[in-house]
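S.K.: structure for the following, please:
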Amino acid sequence: MSARFPVENGELIVGGLPLTSLAARVGRTPFYVYDRRLLDARMRELRQALPEAVEIHYAVKANPMPALVGYMACLADGLDVASGGELAVALDAGASPQCVSFAGPGKSVDELAQAVAAGILINVESLREIRVLAEISQRTQANARIAVRVNPDFELKMSGMKMGGGPKQFGIDAEQVPDALVEIGAAGLAFEGFHVFSGSQNLQSAAICEAQTRSLELVVRLAEHAPGPVRTVNLGGGFGIPYFQGDRPLDLAPIGANLASLVEKAKTALPNAQLVIELGRYLVGEAGLYVCRVVDRKISRGQVFLVTDGGLHHHLAASGNFGQVIRKNYPVAIGNRMESAEMAVQSVVGPLCTPLDLLADRMSLPVADAGDLVVVFQSGAYGLTASPTRFLSHAEPGEILV
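M.R.: Numbering: from 1, shown residues only. Here you go, the predicted structure:
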């Protein structure tokens, strides 16, 4: 999984710099680093594999670092946000309000008012949101742009996290959507389309194709009740990246072929609709590294521990405490000893007073000591902002885009 980052003289090269030089430039460890070259490459791969008619949106929740969001705003066709804070980041990044959408099951009145004032598309997830938006629109004379987020009557198979199907806090149940559309029409809100997001972190292209096909079929049925033409259909994402040994990268070719077929179907069934896919992890996850420094090498009853200045407070997912049922090691390396032949079974732990602070459990790694740099790959998504940074009051890590 380190293949996306070149190695020279035994060191990872990140953003054109040897890792030790990059660490000196940052001035401290730990830090996250995101490589523009890999962001560009991933978007090129997608553009080549998917139909030109399908828009690619970046889901800001995956990584809301302002500099990265600004860069993604130039690469992607739109940004999807999940809070008022993320909306502010998106607008500060220069994204056009016409190309920003807002989803989330618990939007506050203030967030909804902020979204209406900004002129972005709001994916409503309850009748309460529709009614609040009707009041805001009437009071401010600024008509809310509305899409209905649908909780579908199916699930994304083999999904790491299911966000649709069955009882869910996300979206409006498909069978309740016709009544919601009637209410949107009666309120005179600016209806634009539908949003169906079934799940995330899926490495099975067949499952993603099935979910996209069924999502479009569902939208076509629901469109019969719409108060106006369907102008946008967000088919969600679900594209996964390989984290663990045995994971195979997602095959984009079948997804591209299936989307091409759906584009043709939409031309007939929904002639005014723009098809959108919403990706976060897949766009940025493999472009990011978490880097921390070994501060101590300890041996306890025969087991080697590399104690670092980083840990679960910065990277909860890598510790195995962010959704893993059975803990597995993220891909980890000693970034300044990539070509060392002297290997040993070692555990990488952080400075926190809990046995949960574990970045690598008994992995075969180059023999390392104090001063060496530990690298956690696949760290561009759901890293810093998905972690309990205030735990034990250690300093937050740095973040850079190179």
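
S.K.: I'd say Val345 and Met363 touch.
M.R.: Yes. In this structure, Val345 is within contact of Met363 by CB atoms under 8 Å, at 7.0 Å. C-beta here means a position set from N, CA and C on the backbone, and glycine is covered the same way.

S.K.: okay, those two: which has more neighbours?
M.R.: Met363 (18 against 12; other CB atoms under 10 Å).

S.K.: what residues does the one helix or strand the more buried one maps to touch?
M.R.: Assigned by DSSP states H and E, Met363 falls within strand 358-366. Contact partners of strand 358-366, identified using CB atoms under 8 Å, 6 or more residues apart in numbering, comprise 292, 303, 306, 308, 310-312, 315, 318-320, 327, 329-330, 332-334, 337-338, 340, 342-350, 374, 376.

S.K.: just stretch 39-54 next, same as before
M.R.: 4, 56, 68, 71-72, 75-76, 252-253, 255-256, 259-260, 263, 275-277, 279, 282-284, 286-287.

S.K.: among those residues, which are in helices?
M.R.: 68, 71-72, 75, 252-253, 255-256, 259-260, 263, 282-284 (DSSP state H).

S.K.: re the thing from before, restrict the strand holding Met363 to CA atoms and write it as PDB.
M.R.: Extracted in PDB, the C-alpha atoms of strand 358-366 (Å, rounded to 0.1, in the frame of the first residue of the first chain):
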ATOM      1  CA  LEU A 358      -2.000   1.000  19.700                       C
ATOM      2  CA  LEU A 359      -1.000   1.900  16.200                       C
ATOM      3  CA  ALA A 360       0.500  -1.500  15.200                       C
ATOM      4  CA  ASP A 361       0.200  -4.700  17.100                       C
ATOM      5  CA  ARG A 362       3.200  -7.100  16.700                       C
ATOM      6  CA  MET A 363       4.000  -6.200  13.100                       C
ATOM      7  CA  SER A 364       7.200  -7.200  11.200                       C
ATOM      8  CA  LEU A 365       8.900  -3.800  10.800                       C
ATOM      9  CA  PRO A 366      12.500  -2.600  10.200                       C
END
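
S.K.: what residues sit buried inside it?
M.R.: 358-361, 363, 365-366 (16 or more other CB atoms under 10 Å).

S.K.: ok, so of those residues, who is nearest Asp296?
M.R.: Leu359 (14.2 Å; CB to CB).

S.K.: how much space separates the closest one from Pro331?
M.R.: Remark: distance between Leu359 and Pro331 (CB to CB, to the nearest Å) = 11 Å.

S.K.: and for these two, which residues touch both?
M.R.: In contact with both Leu359 and Pro331: Val376, using CB under 8 Å, 6+ apart.

S.K.: right, and the helix or strand after the strand ranked longest in the chain?
M.R.: Of all the elements of type strand in the chain, the one with the most residues (DSSP state E) is strand 288-300. Using DSSP H and E, the helix or strand that directly follows strand 288-300 along the chain is strand 303-308.

S.K.: just the residues contacting that following strand, thanks.
M.R.: 30, 292-299, 344-351, 359, 362, 365, 368, 372, 374.

S.K.: quick check: angle from it to strand 358-366?
M.R.: Put simply, strand 303-308 runs at 110 degrees to strand 358-366, going by axes from the mean of the first three to the mean of the last three CA atoms, to 10 degrees.

S.K.: and strand 303-308, which residues are buried?
M.R.: Buried residues in strand 303-308, counted by 16+ other CB under 10 Å: 304-308.
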